[in-house]
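> Give me a 3D structure for the following:
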Amino acid sequence: MRKNNFNFPICFTFLLLAGLTACGQTPAETEQILPMQTEAPSATAEPAEPFTEEQLRQAISELKEDEASLARKQEYYERLLAMDVFGEGDYVELARIYGSRGNWEEQRRMLSKVLRLYPSVEYAEQLSAVTVYRDDTEEEMAALADRIREALEQQDVPALRALALSEEWHRLLQEGMEAIETRTHYQAGEDILQIAAGGQAVEITWCGGQGRFLFYRADAAEAALGTASLADGAYAGEVKTAYYDGEGNVTKSVQGTLSDGVCVGKLTVVYQGVEYVGTFHEDGSTAEEQLKEAADQGGVIYAYGQGGRTYLYQENADPADFRLGPAFFGLPEYAEWR
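Have a look, this model is predicted:
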């Protein structure tokens, strides 16, 4: 026991001296064992989000026209719209942004609103020029498109007139804009359906695989319904068109063949119950005999009725230059809306 008590002060003294020695290191020695301190980079503060009308308009004025900037502009304009501080130019600009970003339905809706608030021919024309693009992923639109195509294929004018008066037609295609022409482009696979509708005027074109082409054009007084073929964007091959009155009765029909933009071969026209037949050369010039009485009137005979006692002729035309093209068959000037 004594041995332990005797050694304790010695051990304590030794530890105390060791501690004092450590505390007695020079500043230079201390710097060598401390880790080097590095200054943290200062964080860049994010600009505050615009909140007031003035801040939003200032932010809009500083943005560019790239996709990210257009998205931000759209967001800021929509905030201004929700704040009920929109002016005429704001509607027009937001409509432009929607169109630039491929949101044609919202573009049309915005132009419709500015037209109602600030009526003008310019806004009406801008609204009519907007094409809304749809496809078969939209269930309601796909169902309507199928019904339209079926009526076209069956040459069913009453069904097409009924569709143009239906609730889904006005909701999906015209969106309540009865007096303004709306344009809708619908695609399902190779099938492209284009519809221009305004008031009681309607034009429908359907272009399917291998160039098969159907069209329908109508207003309150009459309608035309036809079939043709498209090759490299031009009409070619057999063409049939029938014209109807407001009651759905056929008033005239034409049938022929188009090649290089002109009618060639046999042409058949049924008008007021009488059938007329004409023949055209490969260059589109008429092969029919030209009677003196027609020549004296400055016209060209292009088809004769049975027996040759009646004929159809074109006034103010020269036989050497006279040709029948797509317009004679009532075919629209077709171009896919893009």
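> For residue 180, give its distance to residue 122.
According to C-beta to C-beta, to the nearest Å, residue 180 stands 13 Å off from residue 122. Bear in mind the C-beta positions are built from the backbone N, C-alpha and C, glycine included.
> More neighbours: which of those two?
Neighbours were counted for residue 180 and for residue 122 using other C-beta atoms under 10 Å; residue 180 has more, 21 against 10.
> pretty sure the more buried one is touching residue 126, no?
No - Residue 180 is not in contact with residue 126 according to C-beta atoms under 8 Å; the separation is 10.2 Å.
> Count the neighbours of the nearest residue to residue 250 once chain neighbours are set aside for me.
Distances taken as C-beta to C-beta, 6 or more residues apart in numbering place residue 242 nearest to residue 250, at 5.4 Å, with adjacent residues excluded. Per other C-beta under 10 Å, the neighbour tally for residue 242 reads 19.
> ok now the helix or strand containing residue 242, how far from the chain's centre?
Assigned by DSSP states H and E, residue 242 falls within strand 237-245. Centroid separation between strand 237-245 and its chain, computed with C-alpha atoms, centre = their mean, to the nearest Å, is 28 Å.
> and that strand, what does it pack onto?
Strand 237-245 sits against strand 222-231, strand 250-259, with contacts defined as 3 or more C-beta pairs under 8 Å, 6 or more residues apart in numbering; DSSP states H and E.
> Tell me which residues of the first one come out buried.
Same thing as strand 222-231. Using 16 or more other C-beta atoms under 10 Å as the test for burial, strand 222-231 gives 223-230.
> and for it, what are the contacting residues?
Contacts to strand 222-231, defined as C-beta atoms under 8 Å, 6 or more residues apart in numbering, come from residues 152, 155, 157, 160-161, 207, 211-218, 235-246, 251, 258, 326, 329-331, 334.
> Strand partners (parallel or antiparallel) of it?
Here strand 222-231 is paired, per DSSP bridges, with strand 212-218 (antiparallel), strand 234-235 (antiparallel), strand 237-245 (antiparallel).
> Buried residues, the strand holding residue 242. List them.
239, 241-244.
> Break the chain into its domains for me.
Per automatic domain parsing, the structural domains of the chain span 53-129, 132-220, 235-332.
> can you list these in JSON lines and add mean pLDDT?
Below are the domains of the chain laid out as JSON lines (pLDDT from 0 to 100):
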{"stretch": "domain 53-129", "mean pLDDT": "93"}
{"stretch": "domain 132-220", "mean pLDDT": "92"}
{"stretch": "domain 235-332", "mean pLDDT": "95"}
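> ok, now which ones touch the closest residue to residue 279 other than its chain neighbours?
Closest residue to residue 279 apart from its sequence neighbours, by C-beta to C-beta, 6+ apart: residue 287 at 4.3 Å. Applying C-beta under 8 Å, 6+ apart to residue 287 gives the contacts 278-281.
> which one of those residues is nearest residue 81?
residue 280 (59.7 Å; C-beta to C-beta).
> What's opposite that closest one in the beta bridge?
What pairs with residue 280, by the bridge criterion (DSSP bridges), is residue 265, residue 286.
> What of residue 243?
Here residue 243, judged by DSSP bridges, has bridge partners residue 224, residue 252.
> re the thing from before, make TSV from the strands paired with strand 222-231 and add distance to residue 113 to it.
What follows is the strands paired with strand 222-231, written out as TSV (distance: least, C-beta to C-beta, whole Å):
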stretch	distance to residue 113
strand 212-218	29
strand 234-235	39
strand 237-245	37
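> Now do the contacts for residue 97.
Per C-beta under 8 Å, 6+ apart, neighbours of residue 97: 70, 73-74, 77.
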